[in-house]
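A.B. asks: quick one, what's the 3D model for this:
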Amino acid sequence: MRIRSRSAAALAAGVLAAGGVTAAVVAASPGDPTDLSSVPAQTKTLGISSPNVLSPGLDEVAVAQGSTKLENPAPAVRFYGYDSHVPGGTDTSAQAPFLPLAATSQQEAQKTEPDKNTYLTLRGQKGADPSYDYGTHFLFQGHETGTPGYISRINLDADAAHRVTLLATAEKDGTTALPPIDGSTWDPWAKRLLFTSEALTTGGVWQATTDVPSTVVNLQGIIGIGGYEGIQNDSDGNLWIVEDVGGKSGTTNNFAKQPNSFVYRFKPYDPTDLTKGGKLQVLQVGSLQTPGQPIAFNGPATGSATGAQADADILSADTKDLHTYGHTLDTKFVTIHDTATDGTTPFNANAAAKTAKGTPFKRPENGQFQPGSGFRTFFFDETGDTDNRTQAAPDFGGFGDVQRLELNWPGSDKGKLRLFYRGDQEHAGIDNVTFLSKSKIAFVEDAGDTLHTQRNALDSAWLFDAGADYSQPGAPAPVRFIAEGRDPSATLDSAGGPLVAGNEGDNEITGIHASDGDPSRWGILGAKTPRVFRDGSWRLFWTQQHGDNTTWEVFRGDLPHGGWGD
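C.D. replies: I've put the predicted structure just below:
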């Protein structure tokens, strides 16, 4: 089950050995094992697949891949990375799919695209086999595409037959299908897994138990309907959610899109039971152009803005201010829904945010609190337009960026927002995030096929210094520690044709996640200083989405423990 992909240095050592050269190789233990070296990007060539390249010293091992058969398959879902039908089809026969083609049509089956990873160390977990010991180390995921959506669990200590368990394809009623799922986290107060769906009109948050089968509850009446993706707790048990909703292209700025997504905070009345309700808030950023007023969406709260309205926001002075180094902008959270007064009927959170003059961003996908900040410092990214023809690049966020929000105190409604890093064509489409140490923060790309072709470079994982000032000319460049290649399946998808129609081409880096698996409230992301590559309790995962849909664990092969769990 474990497929090993070696770093550039390890491959070079293997070549020397194969050539009969005897060499004594001594791996020096660095003072900081997260001090990594950059590698070149992998280029995109039609019809050619390429391997992933990692910083010297790093190795990766596949913990699951798309064709891994589920230990408890359902008619509609039989393999980790495939549904039992072709894209847009409804084949649920007992024989489908015959991978990679669906048996009834000889077309490639719909790929499910496992997304954000959540790692937990749990005892007493059961699976489909009541007599099997599933161990204590687990990786939970939702799947981003296909029908139905579903939740899976990779049993990291298990053998091949018990490697991946299907937790759920439907809500608690057993009939309402789960939507495609993007984000995930563990809420230690509620003792539930939380999953998000980024579909604007049907998305939201679902909570799920860890048992098999999982009991899944829809929280759209509590937290709202929105294009939610990134989600995590703060130290008060509040939920921070970032939304990924693409806006309308402008009439003049036809390769750029209007900012149309928001940063939310949900304050539950009882953190141990989210179904009891609470207050949903949206982040409001003060305008430098009109002091005392927020930067707000120009257009209707519901429905699509006109091209002219989109143009007005795409290149507005406010949008530029959000993406300019050196600006410090006042922020506050404002309540847009309170279940005590507004009830628990599902509501449109995106529309409510616009009505309340929340500040729109260009597709923020994920965010995380900096360890050691006492849950005052929150980094979140914007994906941008993923097209180098965007009229919004670089000064208006067209290539995406990273924002840094500083609260006045933990849980405060007020704070300050500053641009941390402004993207360019090389660093674009920034998506998932994780901290590898107190100051090393990793962001990964989802640049998309169009930008891959335009820049002739596939996606990368970048390591930033959270204490650096990237506005300065002498600032150290981000370190590319993963140069994603393109697996054979994604290469076929990218080439197109009737057999692979409906599945996305090229791969995407997603689900980057470092954790020690602590399921207590002291284990939430940002509570501890990560010790990635220092000992076996902290583990690092990412998913090579699309194509073969492989989930990898990354470790340092030149250090004790090699990154494996305890």
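A.B. asks: neighbours of P75, how many?
C.D. replies: 12 (other Cβ atoms under 10 Å). Every C-beta, even on glycine, is put in place using the N, C-alpha and C of the backbone.
A.B. asks: surely it touches S84?
C.D. replies: Yes: using Cβ atoms under 8 Å, P75 is in contact with S84, at 6.3 Å.
A.B. asks: all strands for the stretch 101-250 of the chain, in order.
C.D. replies: Remark: strands assigned in the stretch 101-250 of the chain by DSSP state E, counting those that start in this stretch are 114-121, 137-143, 151-155, 164-168, 184-187, 192-197, 204-208, 216-218, 228-233, 239-243.
A.B. asks: listing partners with orientation, what would you give for the shortest one?
C.D. replies: So the one you mean is strand 216-218. The strands that strand 216-218 pairs with in its sheet are strand 204-208 (antiparallel) (by DSSP bridges).
A.B. asks: related to what we said a few turns ago, just put the strands of the stretch 101-250 of the chain in JSON lines and tack on mean pLDDT, mean neighbour count and distance to F481.
C.D. replies: Converted to JSON lines, these look like this (pLDDT from 0 to 100; neighbours: other Cβ atoms under 10 Å; distance: least, Cβ to Cβ, whole Å):
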{"stretch": "strand 114-121", "mean pLDDT": "97", "mean neighbour count": "25", "distance to F481": "17"}
{"stretch": "strand 137-143", "mean pLDDT": "98", "mean neighbour count": "26", "distance to F481": "20"}
{"stretch": "strand 151-155", "mean pLDDT": "98", "mean neighbour count": "24", "distance to F481": "23"}
{"stretch": "strand 164-168", "mean pLDDT": "98", "mean neighbour count": "25", "distance to F481": "27"}
{"stretch": "strand 184-187", "mean pLDDT": "98", "mean neighbour count": "24", "distance to F481": "23"}
{"stretch": "strand 192-197", "mean pLDDT": "98", "mean neighbour count": "26", "distance to F481": "27"}
{"stretch": "strand 204-208", "mean pLDDT": "98", "mean neighbour count": "25", "distance to F481": "31"}
{"stretch": "strand 216-218", "mean pLDDT": "98", "mean neighbour count": "19", "distance to F481": "35"}
{"stretch": "strand 228-233", "mean pLDDT": "98", "mean neighbour count": "27", "distance to F481": "21"}
{"stretch": "strand 239-243", "mean pLDDT": "98", "mean neighbour count": "27", "distance to F481": "23"}
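A.B. asks: can you redo these as TSV with distance to V402?
C.D. replies: Shown next, in TSV, are the strands of the stretch 101-250 of the chain (distance: least, Cβ to Cβ, whole Å):
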stretch	distance to V402
strand 114-121	18
strand 137-143	24
strand 151-155	29
strand 164-168	32
strand 184-187	20
strand 192-197	20
strand 204-208	24
strand 216-218	32
strand 228-233	13
strand 239-243	12
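A.B. asks: among the ones you listed, single out whichever gets nearest to T543.
C.D. replies: strand 114-121 (5.4 Å; Cβ to Cβ).
A.B. asks: what lines up beside that closest one in the sheet?
C.D. replies: According to DSSP bridges, strand 114-121 forms sheet pairs with strand 137-143 (antiparallel).
A.B. asks: helices of the stretch 451-566 of the chain, start to end?
C.D. replies: Using DSSP state H, counting those that start in this stretch, the helices found in the stretch 451-566 of the chain span residues 488-495.
A.B. asks: which residues of it score low on pLDDT?
C.D. replies: Applying pLDDT under 70 to the stretch 451-566 of the chain flags the ranges 559-566.
A.B. asks: are we agreed that D449 is in a helix?
C.D. replies: Yes: under DSSP: H, G, I helix; E, B strand; the rest coil, D449 falls within a helix.
A.B. asks: that one: neighbouring residues, count only.
C.D. replies: Count around D449 with other Cβ under 10 Å applied: 18.
A.B. asks: what about the strands in the stretch 301-450 of the chain?
C.D. replies: Taking DSSP E, counting those that start in this stretch as the criterion, the stretch 301-450 of the chain carries its strands at 329-338, 367-369, 377-382, 401-407, 414-422, 430-435, 440-445.
A.B. asks: I'd say G547 and N507 touch.
C.D. replies: Yes: here G547 lies in contact with N507, judged by Cβ under 8 Å, at a distance of 5.0 Å.
A.B. asks: contacting residues around F399?
C.D. replies: Applying Cβ atoms under 8 Å, 6 or more residues apart in numbering, we find F399 in contact with G384, D385, N388, T390, A393, R422, G423, D424, Q425, H427, A428, G429.
A.B. asks: excluding residues flanking it in the chain, which one is nearest it?
C.D. replies: G423 (3.7 Å; Cβ to Cβ, 6 or more residues apart in numbering).
A.B. asks: now swap in P180 and tell me
C.D. replies: G149 is the one closest to P180 (Cβ to Cβ, 6+ apart), at 4.5 Å.
A.B. asks: what is that neighbour paired to in the beta sheet?
C.D. replies: Where G149 sits in a bridge, its partners, by DSSP bridges, are L178.
A.B. asks: burial measure for it, as a count.
C.D. replies: 25.
A.B. asks: and L436, by the same measure?
C.D. replies: So L436, with other Cβ under 10 Å, has 24 neighbours.
A.B. asks: ok, T302 next?
C.D. replies: Count around T302 with other Cβ under 10 Å applied: 11.
A.B. asks: what about the nearest residue to it once chain neighbours are set aside, distance to G303?
C.D. replies: Distances taken as Cβ to Cβ, 6+ apart place A351 nearest to T302, at 4.8 Å, with adjacent residues excluded. Distance, A351 to G303, using Cβ to Cβ, to the nearest Å: 9 Å.
A.B. asks: tell me which of these two has more neighbours.
C.D. replies: The residue with more neighbours, out of A351 and G303, is A351; 18 against 8, by other Cβ under 10 Å.
A.B. asks: quick check: that one touching A301?
C.D. replies: Yes: using Cβ under 8 Å, A351 is in contact with A301, at 4.3 Å.
A.B. asks: what residues are up against the spatially most central residue of the chain?
C.D. replies: Geometric centre of the chain, nearest residue: N432, 3.8 Å, by Cα atoms, centre = their mean. N432 sits next to K116, G230, E365, N366, F443, V444, I509, T510, G511, I512, H513, W542 when contact means Cβ under 8 Å, 6+ apart.
A.B. asks: residue contacts, the second one?
C.D. replies: By Cβ under 8 Å, 6+ apart, the contact list for G230 reads 116, 183, 196, 240-242, 364-368, 380, 432-433.
A.B. asks: follow-up on the earlier one: from T306, how far off is the residue nearest to P180?
C.D. replies: G149 is 33 Å from T306, where distance means Cβ to Cβ.
A.B. asks: kindly report the same for I48.
C.D. replies: 43 Å.
A.B. asks: of the contacts of F399, buried ones?
C.D. replies: G384, D385, N388, T390, A393, R422, G423, H427, A428, G429 (16 or more other Cβ atoms under 10 Å).
A.B. asks: for F138, list each beta-bridge partner.
C.D. replies: L120, N155.
A.B. asks: returning to that earlier point: out of the strands of the stretch 301-450 of the chain, which gets nearest to D32?
C.D. replies: Nearest of the strands of the stretch 301-450 of the chain to D32, taken as Cβ to Cβ: strand 440-445 at 8.2 Å.
A.B. asks: partners of that closest one in the sheet?
C.D. replies: Assessed with DSSP bridges, strand 440-445 is paired to strand 430-435 (antiparallel), strand 460-465 (antiparallel).
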